[in-house]
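just need the structure, nothing else, for what follows:
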Amino acid sequence: MKNLQTITPRKTQIGFIGLGVMGRSMAGHILDKGYDLCVYTRTRSKAADLLAKGAVWASSAGDIAKQSDVIISIVGYPADVQQIYLGPDGILENAGAGTLAIDMTTSDPALARTLYEEGQKKEVHVLDAPVSGGDLGARNATLSIMAGGDEPVFNAALPLLEIMGKNIVYQGPAGSGQHTKMANQIAIAAGMVSVCEALAYAKQAGLNPETVLASIGQGAAGSWSLNNLGPRMINQDFAPGFYVKHFIKDMTIAADAARSLGLETPGLDLAKKLYDRLSEKGCENDGTQALFKLFGVRS
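Below is the predicted model:
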């Protein structure tokens with residue numbers, strides 16, 4: 001396997017695939033640090049602000065791979081990951097030996113392992129490095145990043161990961177980053193139900209929800225979801241920081257992975273059932289805080 005070159009703004013060409021709610025900010029931070037950046041996303045208009053700042057448009061994932069030393073991807077679904085990495089016009093078919101590919105999509109741990117193994121055959125270093133922190137974490141470059149793959153490759157990638165996040169932890173071999181993200185999503189899933197229940201209870205009891213949040217958010221009940229998404233629920237702000245449809249995707253992967261490990265996940269199963277109901281009401285493109293709509297309380 002060809003060694004990785006040192007990653008620096010002057011030497012390293014970065015390719016970025018996926019410019020959604022989070023990816024656009026993440027790519028912007030890399031561009032702001034002086035790296036040459038080429039980008040690809042299915043909807044070119046999403047790249048307009050980055051292109052105006054100096055990024056270069058690529059016509060496909062394969063085109064990105066041909067001209068990049070490091071490729072970062074954050075797309076929607078495992079099927080999208082499979083297409084951009086394993087397709088005939090994909091990353092692994094077109095990247096040069098020694099290229100580093102970092103998939104930051106929340107995806108299937110088994111697929112992450114497959115990408116790593118296929119990358120080994122092509123002499124392409126592959127990391128799975130999903131993130132947590134939503135749109136706020138992406139904009140503020142404070143994402144939590146959980147990585148799987150070869151540890152020397154992770155260490156080489158750190159200069160880039162540190163541009164996008166703050167809590168960056170190597171978790172173990174390929175797939176470990178995705179398994180860690182599944183644990184993260186399982187913890188969030190049941191917690192989102194609890195946040196909705198707590199705020200609905202406060203409203204129904206005649207309390208001021210903002211005042212209640214000021215108290216319980218600083219105590220044992222405090223959580224990222226309560227403190228960051230609770231105010232959005234109270235204000236009926238359901239704009240997406242993280243889409244309902246993508247959270248359902250994550251919960252489906254987590255439930256399937258848990259079953260393969262012989263593990264029961266009743267909290268996760270309940271949350272997924274509620275989010276499926278929310279999606280059936282036409283709210284799949286809302287933010288995850290829209291779960292509050294099911295609780296029949298309006299501010």
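
report pLDDT for Val297.
On the pLDDT scale, Val297 is placed at 60.

likewise Asp237?
Reported pLDDT for Asp237: 97.

for the closest residue to it other than its chain neighbours, give me its contacts.
Once flanking residues are discounted, Asp237 sits nearest to Gln289: 7.5 Å by C-beta to C-beta, 6 or more residues apart in numbering. For every residue, glycine as well, the C-beta is placed using N, CA and C. When contacts are counted by C-beta atoms under 8 Å, 6 or more residues apart in numbering, Gln289 touches Met192, Leu229, Arg232, Met233, Asp237, Phe238, Gly241.

wait, a helix at the first one?
Right, the one you point to is Met192. Yes. Under DSSP: H, G, I helix; E, B strand; the rest coil, Met192 sits within a helix.

right, and it touches Trp224 too?
No. Taking C-beta atoms under 8 Å as the definition, Met192 is not a contact partner of Trp224, at 10.6 Å.

more neighbours: which of those two?
Per other C-beta atoms under 10 Å, whichever of Met192 and Trp224 has more neighbours is Met192, with 22 against 16.

mind checking how far that one is from Gly96?
Distance, Met192 to Gly96, by C-beta to C-beta, to the nearest Å: 43 Å.

and if you look at Ile17?
17 Å.

just to revisit the earlier point, tell me the phi and psi of the residue nearest to Asp237?
Backbone torsions of Gln289, given as degrees, to the nearest 10, read phi -70, psi -10.

domain-wise, how is this protein divided?
Domain assignment for the chain, taken from automatic domain parsing, gives 13-173, 179-295.

need the ones you listed in a markdown table with distance to Ile7, can you?
Below are those laid out as a markdown table (distance: least, C-beta to C-beta, whole Å):
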| stretch | distance to Ile7 |
| --- | --- |
| domain 13-173 | 5 |
| domain 179-295 | 23 |
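
so Ile14 touches Ile163, yeah?
No. Here Ile14 does not reach Ile163: they are 9.9 Å apart, not a contact under C-beta under 8 Å.

need the overlap of contacts for these two.
By C-beta under 8 Å, 6+ apart, the residues touching both Ile14 and Ile163 are Ile30.

these two: who's more crowded?
For Ile14 versus Ile163, the count of surrounding residues by other C-beta under 10 Å is larger for Ile14: 26 against 16.

residues contacting that one?
Taking C-beta under 8 Å, 6+ apart, we find Ile14 in contact with Ile30, Tyr35, Asp36, Leu37, Cys38, Ser68, Asp69, Val70, Ile71, Ile72, Leu160.

what's the closest of these to Gln204?
Nearest to Gln204 out of the contacts of Ile14 is Ile72 (C-beta to C-beta; 45.1 Å).

strand partners of the host helix or strand of that closest one, parallel vs antiparallel please.
Element membership for Ile72, per DSSP states H and E: strand 70-73. With DSSP bridges as the test, strand 70-73 is paired with strand 13-17 (parallel), strand 100-103 (parallel).

TSV for those strands, including distance to Leu143?
Output for the strands paired with strand 70-73, formatted as TSV (distance: least, C-beta to C-beta, whole Å):
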stretch	distance to Leu143
strand 13-17	15
strand 100-103	13
